[in-house]
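[1] could you look at this predicted model? Sequence included:
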Amino acid sequence: MPQEPRPPVVCHVNLARGFRGGERQTELLVRELAGRNLAQRLVARAGEPLAARLRGVARLEVVESRAGVLSGARAIGKAGLVHVHEGRSLKSAWINSVATGVPYLITRRIQNAPRAHWLNMIMYRRARAIAVLSRAIGASVATLWPEVASTVIPSAVAGLPSDPARSANLRRDWGGNFVVGHVGELDDSHKGQAQILAVARRLAGASPGVRFVLVGGGSDETMLRSSAAGHTNVVFAGQVESVGDYLGAFDAFLFPSRHEGLGSILLDVLDFGLPVVATRVGGIPEIVEDGVNGVLVEVDDIEGMGNALLALSADTDLRSRLGARGRSTAAAFSASLMAERYLELYRSILGENGVRTT
C-alpha cells in the first residue's frame, strides 16, 4: 500500500488581515527555509495577500483558512512543529496542540504585554519556545510571567527593490528640496503620525522646501488628512506596492512611534542609507543608535524632531555619515541569519534528526 506523505517539519500560522511587517517577515522566513529544502506548510487567512505571495514555493503547502479559531486549528493538521507568527493564531495552535500533541512556538512582534488572562497564561506556558523581536518585547512578557523565557530573534531586512527613475518622478511630483518620509499603518496611538503633522506645521513657514510624505493607510487616515488640510508640505501617498521606490525618493525618515516592538521598516530604511529620526521607545534603540546611524528623541518632542530634521537638511555630510552607518547596521539583519536562528529553535524542540534541510 502507498505510504501516507510525511507531515511537514514546520507549519507556519499567520491569520492576519492585509500585508504588514509581520506578514513580510513570515514570507521572508518561509522563502529562506524553502531555500534550505525544508518541508513546510503555511496556514494563512483566505483571500489575503500572504497566501497568494507564497503559493508555488518549493516544498510548501499553502492552506487558506477562515479566521475562526477552530477553522485555523483544523487547517494546521499534523506537523512536526507549529510556528505561530501573530497573536490571533495562538488559540488555533493551542487547540491543535491539545488535540494532537504537536508542539508550538510563538513569535511575538509587539511591545505591549499580552493580556494578563488565565488562557493566555496557559497558552504561553504550553509553548515550547517564545521568540521575540527585541529585548523590550521579552521584558514585557517577563513582567507578566517571569518564568516564561524568550529568545531574541530580530526581524530581517526585506531587500526591497527600487527603480531610480520612479523615485525621481515621485520627488518631482512632491516638489520641495528635502523629503522626510514615513511608512506605517496610519494609527496615531501606535505610530504617532500626529507628531509628524505637528512637525510639518512647525517647519512650514521657516523651511517651506521640506516635504513630509506619509505612506500607508489605516484607521486614523481620515483624522490625519483632516488635521493636515491646508498644509501643502504634507503628502499622503496611501497604500503602495513599491515601498522601495518611495524609500529611494526620501532624504530622511521620521518614525515617531509611541510604542514599538522593533519596527522592521527601520531595517529597510537603514538598508537604503537613510538617516532616521525616531522616538526612544521599545526596541527602536536596539537598532537606531543616537548620533551613529540616526537621532533619537522623546515621544511628543516636536521641537527636537524638527531641529534634527533641519540639521539633516542643512548638512549633507551628516546625512552621508549616518546613512553609511545605517547600511552597516542593516547588513547584520539578513534573512539568512534570521532563518538560522529559527532553525536552532526548531532543532532545540525537535532534535537534529527532526529538522532535515537537505
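    Cool, the structure landed.

[2] show me where the stretch 51-200 of the chain has its helices.
    69-76, 90-100, 118-126, 135-144, 164-174, 188-191, 193-204 (DSSP state H, counting those that start in this stretch).

[3] buried stuff in stretch 49-58?
    49, 50, 51, 53, 54, 57 (16 or more other C-beta atoms under 10 Å). Using the backbone N, CA and C atoms, a C-beta is placed for each residue, glycine as well.

[4] now, among these, which is nearest to residue 133?
    Closest approach to residue 133 among these (C-beta to C-beta): residue 50, at 18.1 Å.

[5] how far out from the middle of the chain is the host helix or strand of that closest one?
    Using DSSP states H and E, the element containing residue 50 is helix 49-54. Between the centre of helix 49-54 and the centre of its chain there are 16 Å (C-alpha atoms, centre = their mean, to the nearest Å).

[6] what's in contact with it?
    Applying C-beta atoms under 8 Å, 6 or more residues apart in numbering, the external contacts of helix 49-54 come out as 14, 16, 18-19, 23, 26-27, 30-31, 42, 44-45, 60, 62, 64.

[7] nearest to residue 344, of the helices of the stretch 51-200 of the chain?
    Across these (criterion: C-beta to C-beta), the nearest stretch is helix 135-144, sitting at 16.7 Å.

[8] what helices or strands is the closest one leaning on?
    Judged by 3 or more C-beta pairs under 8 Å, 6 or more residues apart in numbering; DSSP states H and E, helix 135-144 is in contact with strand 129-132.

[9] neighbouring strands - and their directions - for the strand it packs on?
    Looking at strand 129-132 with DSSP bridges, its partner strands are strand 104-108 (parallel), strand 151-152 (parallel).

[10] export the ones you listed to a markdown table and tack on mean pLDDT, distance to residue 88 and mean neighbour count?
    Formatted as a markdown table, these follow (pLDDT from 0 to 100; distance: least, C-beta to C-beta, whole Å; neighbours: other C-beta atoms under 10 Å):
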| stretch | mean pLDDT | distance to residue 88 | mean neighbour count |
| --- | --- | --- | --- |
| strand 104-108 | 97 | 12 | 25 |
| strand 151-152 | 96 | 22 | 16 |
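
[11] and the protein, what are its domain boundaries?
    In terms of domains, the chain is parsed into 10-156+334-354, 164-331 (source: automatic domain parsing).

[12] show me how far stretch 49-59 is from its chain's centre.
    19 Å.

[13] re earlier: nearest to residue 8, out of the helices of the stretch 51-200 of the chain?
    Going by C-beta to C-beta, the one of the helices of the stretch 51-200 of the chain nearest residue 8 is helix 69-76, 10.4 Å.

[14] and the angle from that closest one to helix 90-100?
    60 degrees (axes from the mean of the first three to the mean of the last three C-alpha atoms, to 10 degrees).

[15] quick check: buried residues in helix 69-76?
    69, 71, 72, 73, 74, 75, 76.

[16] next, the contact list for the fourth one, please.
    By C-beta under 8 Å, 6+ apart, the residues touching residue 73 are 91, 92, 93, 95, 96, 99.

[17] read off the pLDDT value for residue 226.
    We have a pLDDT of 97 for residue 226.

[18] can you report how many residues neighbour it?
    A count of nearby residues for residue 226, using other C-beta atoms under 10 Å, gives 8.

[19] and it, how far from residue 234?
    Distance, residue 226 to residue 234, by C-beta to C-beta, to the nearest Å: 12 Å.

[20] also residue 307?
    For residue 307, the distance to residue 234 - C-beta to C-beta - is 19 Å.

[21] who has more neighbours, these two?
    Between residue 307 and residue 234, counted using other C-beta under 10 Å, residue 234 has the larger neighbour count: 22 against 17.

[22] OK, contacts around the closest residue to the more buried one other than its chain neighbours?
    Computed as C-beta to C-beta, 6 or more residues apart in numbering, the closest residue to residue 234 that is not its neighbour in sequence is residue 228, at 4.4 Å. Listed by C-beta under 8 Å, 6+ apart, the contact partners of residue 228 are 197, 200, 234, 236.
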